[in-house]
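Asker: This is a predicted model, with the sequence first.
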Amino acid sequence: MNNETSATQNGSTGNDSIIAIRNMHKWYGQFHALKDINLDVVRGEKIVICGPSGSGKSTMIRCINRLEEHQQGEIIVDGTELTNDLKNVEVVRREVGMVFQHFNLFPHLTVMENCTLAPIWVRKAPREEAETIAMEYLERVKIPDQAHKFPGQLSGGQQQRVAIARSLCMKPRVMLFDEPTSALDPEMIKEVLDVMVELATEGMTMLCVTHEMGFAKTVADRVIFMDGGEIIEENNPQEFFDNPQHDRTKLFLSQILNH
Amino acid sequence: MMNPPAYKPGEHPDLPPPRSTIGPIAWIRTNLLSSPTNIVLTVLSVWFLYELVPAALEWGFLDAAFTGENRDECREKAGGACWAFIGERFRLFTYGFYPIEERWRIDLTFVLLIVALMAVLWDQCPFRKQGLIFACVFPFVAGWLLLGGFGLTPVDTDEFGGFMLTLVIGVTGISFSLPIGIVLALGRQSHLPIVRVFSVSFIEFFRGVPLIALLFVASTMLNYFLPRGTSFDLLLRVLIMVTLFASAYMAEVIRGGLQALPRGQYEAADAMGLKYWTSMRLIILPQALKISIPGIVNTFIGLYKDTTLVIIIGLLDPLGVGRSSLSDTKWTGLANEMYLFVAIFFFLSCFGMSRYSLYLEKKLATGYER
């Protein structure tokens, strides 16, 4: 059934496909980390990627903005193929926002400076314009009053919301989330998920590596299950959770849902 | 028997700490007399200070001679230090053999140096922008003032000496070794093999060779390597060697800072689409340099004190001036005074750098770091 789904995906590749990954492989030295990955993401689609640790899910989304290099196959993001050509990499990175597990805010810059840095230096926006946009997004993630603090003075949940705002300030076409809530205290997870849900309802194309299955059920158009560097199964959330096809998927779901 | 709770749950106010844990007596108790070992150490320290401080005061001030024509006159007046020696030689210590009628140029350079340093080091300095521009021009102005030419009487670098020579070598070395060190540290991390190999060989070579050897190379051997007839100034060669030597150390200190940064900082900068130099300038280096401040200042202080090694190749730094003064029959046998005086000068400069680095660390702290 895996072949079936990828076949239909490939068949429907039209102009509305914003990310296209074809027969992509990645190795770390001798270790075959990603095996024959095929994935098409349609504009506005929300995809949740789950799987046990070490299954390659983070590596896969990190390939999409070339924080990791793939060695075989092709990745095309919004019409630009990721190659060794730095120009292409820069073009893709400008259009793809990323939110990390550990926030990775710049601790020596204020929240506002964190948010305006890329618009000013990459998009060459005038400072005032960048600050207006930053303030807009900080309001959307509900922390405009923290704009002039340093990241170290904020809670984890607040830092992650700043990180989301920082990515949005570049007006990206795709947002990648790499376990955005895994480093947070339980009481802060919701405030970050709320922001992500809001973003999803506004039509952002999103790829989320996460273990938040509630989020997957409410927001995702498609859930992808990875294990051992392969995409084992993908389906809409209803089918994925109620009727998993593959044994490994069943095992994984039973482990994370029944406790 | 348990007392009934004084406050209802959730209504307990913040109370002041018990009296015995605050104030000077509590401080003495916790810091000086907290344990038997601590009490012994405190007593020993007090005894040590009691023995040392009065004797030092006696020798240095109370029983010291501040005036006198020569050593014997000093000795008649007092049994302690003979500061008259330092007083008479003070100008030589400061200016070396720089022509007397041109010494105002050194004074002016020094004042301009202070102005430039203020602009660079103090971020609330009035007219800072203009000051920073001036700081960029300063090296050329200083070179012109000290060396002469273009309307000023030329002065040969042989005549440089004393504290002025220390400052020339120290300030030049410090201001050039930092940028060169940064470039080398980045080069060592480069993905381009040629850049990396060059940086590594440079660093390992200059770090693996004693400074004295480099100074000898500068003073004698360089003539063999250079084309016949091109001889350039000895002081310039020393400046280059001292700078390259310090740069190698600096590069390693900064590499430590670069490696201490979490990888996420590099990744976040990359993911935003920042170009390499932009992300280095705005994200990586500000943080890496901040982490490296203690090591950087350590290298600066080491370099500054190493300037005294130039005595080996015949340049007259303060120690050289001092030793030549000691051979004057008027002042023989006053080595203590001379070395103490030079030591105080170096101590003040280095202590100043150390204090500034602490201030800088405090100023740059922005809450806890991951």
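Answerer: Perfect, thanks for sending it. Numbering: from 1, shown residues only, chains lettered A, B, ... in the order given.

Asker: Tell me the residues on chain B that lie near chain A, please.
Answerer: Applying CB under 8 Å from any CB of the partner chain, we find that chain B lies next to chain A at B:262, B:264-265, B:267-275, B:278, B:282-283, B:286-287, B:290, B:364, B:366-370. Where you see a C-beta, it was placed from the backbone N, CA and C, and this is true even at glycine.

Asker: Taking those residues, please make a ChimeraX selection of just the buried ones.
Answerer: Per 16 or more other CB atoms under 10 Å in any protein chain shown, the buried members of the residues of chain B next to chain A correspond to this ChimeraX selection:
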select /B:264,265,267,268,269,270,271,272,273,274,278,282,283,287,290,366
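
Asker: Tell me which of the residues of chain B next to chain A fall in helices.
Answerer: Among the residues of chain B next to chain A, the subset assigned to helices under DSSP state H consists of B:264, B:265, B:267, B:268, B:269, B:270, B:271, B:278, B:286, B:287, B:290, B:364.

Asker: Just give me the neighbour total for the closest residue to chain B within the stretch 151-259 of chain A.
Answerer: Minimum separation of the stretch 151-259 of chain A from chain B (CB to the nearest CB) falls at residue A:152, amounting to 2.5 Å. Residues contacting residue A:152 under the criterion other CB atoms under 10 Å in any protein chain shown number 15.

Asker: That one looks like it's in a strand, true?
Answerer: No: counting by DSSP: H, G, I helix; E, B strand; the rest coil, residue A:152 is not part of a strand but helix.

Asker: And it, how far from residue A:107?
Answerer: As judged by CB to CB, to the nearest Å, residue A:152 and residue A:107 stand 6 Å apart.

Asker: Then residue A:210?
Answerer: In terms of CB to CB, residue A:210 sits 25 Å off from residue A:107.

Asker: same thing with residue A:144?
Answerer: 20 Å.

Asker: neighbour count winner among the two?
Answerer: The neighbour comparison of residue A:144 against residue A:107 (other CB under 10 Å) goes to residue A:107, with 23 against 16.

Asker: Backbone dihedrals for the more buried one, please?
Answerer: Dihedral pair for residue A:107: phi -70, psi -20, per degrees, to the nearest 10.

Asker: Residue A:74 too?
Answerer: phi -140, psi 150.

Asker: follow-up on the earlier one: in a markdown table, list the ones in helices among the residues of chain B next to chain A along with pLDDT.
Answerer: Below are these laid out as a markdown table (pLDDT from 0 to 100):
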| residue | pLDDT |
| --- | --- |
| B:264 | 95 |
| B:265 | 96 |
| B:267 | 95 |
| B:268 | 96 |
| B:269 | 95 |
| B:270 | 94 |
| B:271 | 95 |
| B:278 | 94 |
| B:286 | 94 |
| B:287 | 94 |
| B:290 | 93 |
| B:364 | 87 |
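
Asker: Dump the residues you listed to CSV, plus distance to residue A:50.
Answerer: As requested, these are exported to CSV (distance: CB to CB, whole Å):
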residue, distance to residue A:50
B:264, 22
B:265, 27
B:267, 22
B:268, 24
B:269, 28
B:270, 25
B:271, 22
B:278, 35
B:286, 37
B:287, 34
B:290, 39
B:364, 41
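
Asker: Farthest-apart pair in those, please.
Answerer: Taking CB to CB as the measure, those span a maximum distance of 24.9 Å, between B:271 and B:364.

Asker: Any regions of the stretch 151-259 of chain A where pLDDT drops low?
Answerer: Low-confidence segments of the stretch 151-259 of chain A (pLDDT under 70): A:258-259.

Asker: Now stretch B:59-69: buried residues?
Answerer: For stretch B:59-69, by 16+ other CB under 10 Å, it's B:59, B:64, B:65, B:68.

Asker: Would you check how far apart the second one and chain A are?
Answerer: The spacing between residue B:64 and chain A, counted by CB to the nearest CB, to the nearest Å, is 50 Å.

Asker: dump the residue contacts of that residue.
Answerer: B:78, B:80, B:81, B:82, B:83 (CB atoms under 8 Å, 6 or more residues apart in numbering or on different chains).

Asker: how does it look with 7 Å?
Answerer: Contacts for residue B:64 (CB atoms under 7 Å, 6 or more residues apart in numbering or on different chains) come out as B:78, B:80, B:81, B:83.

Asker: Can I get those residues in a markdown table including pLDDT?
Answerer: Formatted as a markdown table, the contacts of residue B:64 follow (pLDDT from 0 to 100):
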| residue | pLDDT |
| --- | --- |
| B:78 | 83 |
| B:80 | 85 |
| B:81 | 87 |
| B:83 | 90 |
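
Asker: Which of those fall in helices?
Answerer: Per DSSP H, the contacts of residue B:64 map to helices at residue B:83.

Asker: Just the ones in strands from the contacts of residue B:64, please.
Answerer: Judged by DSSP state E, the contacts of residue B:64 include no members of strands.

Asker: mind putting the contacts of residue B:64 in a markdown table, distance to residue A:113 and neighbour count included?
Answerer: As requested, these are exported to a markdown table (distance: CB to CB, whole Å; neighbours: other CB atoms under 10 Å in any protein chain shown):
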| residue | distance to residue A:113 | neighbour count |
| --- | --- | --- |
| B:78 | 62 | 17 |
| B:80 | 59 | 21 |
| B:81 | 56 | 22 |
| B:83 | 54 | 22 |
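
Asker: can you give me the strands in the stretch 1-150 of chain A?
Answerer: A:17-28, A:31-42, A:46-50, A:72-77, A:80-81, A:96-99 (DSSP state E, counting those that start in this stretch).

Asker: which of the ones you listed sits most buried?
Answerer: strand A:96-99 (a mean of 27; mean count of other CB atoms under 10 Å in any protein chain shown).

Asker: Packing partners of that strand?
Answerer: Strand A:96-99 sits against helix A:156-168, strand A:174-178, with contacts defined as 3 or more CB pairs under 7 Å, 6 or more residues apart in numbering or on different chains; DSSP states H and E.

Asker: which one of the ones you listed lies closest to residue A:88?
Answerer: strand A:174-178 (15.2 Å).

Asker: Dump that closest one to CSV, restricted to CA.
Answerer: The C-alpha trace of strand A:174-178 is given here as CSV (Å, rounded to 0.1, in the frame of the first residue of the first chain):
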residue,chain,number,x,y,z
VAL,A,174,6.8,26.5,4.1
MET,A,175,7.3,26.0,7.8
LEU,A,176,9.3,23.1,9.2
PHE,A,177,8.9,22.2,12.9
ASP,A,178,11.5,19.9,14.4
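
Asker: which helices and strands does that strand pack with?
Answerer: Packed next to strand A:174-178, using 3+ CB pairs under 7 Å, 6+ apart, are helix A:57-64, strand A:96-99, strand A:205-209.

Asker: Given the shortest one, what are its sheet partners and their directions?
Answerer: The pairing partners recorded for strand A:96-99 under DSSP bridges are strand A:174-178 (parallel).

Asker: Give me the distance from the partner strand to the chain's centre.
Answerer: Mean C-alpha position of strand A:174-178 versus that of the full chain (CA atoms, centre = their mean, to the nearest Å) differs by 2 Å.

Asker: What residues does residue 67 make contact with?
Answerer: In the absence of a named chain, this looks at chain A. Per CB under 7 Å, 6+ apart, neighbours of residue A:67: B:267, B:270, B:271.

Asker: um, chain B though
Answerer: residue B:84.
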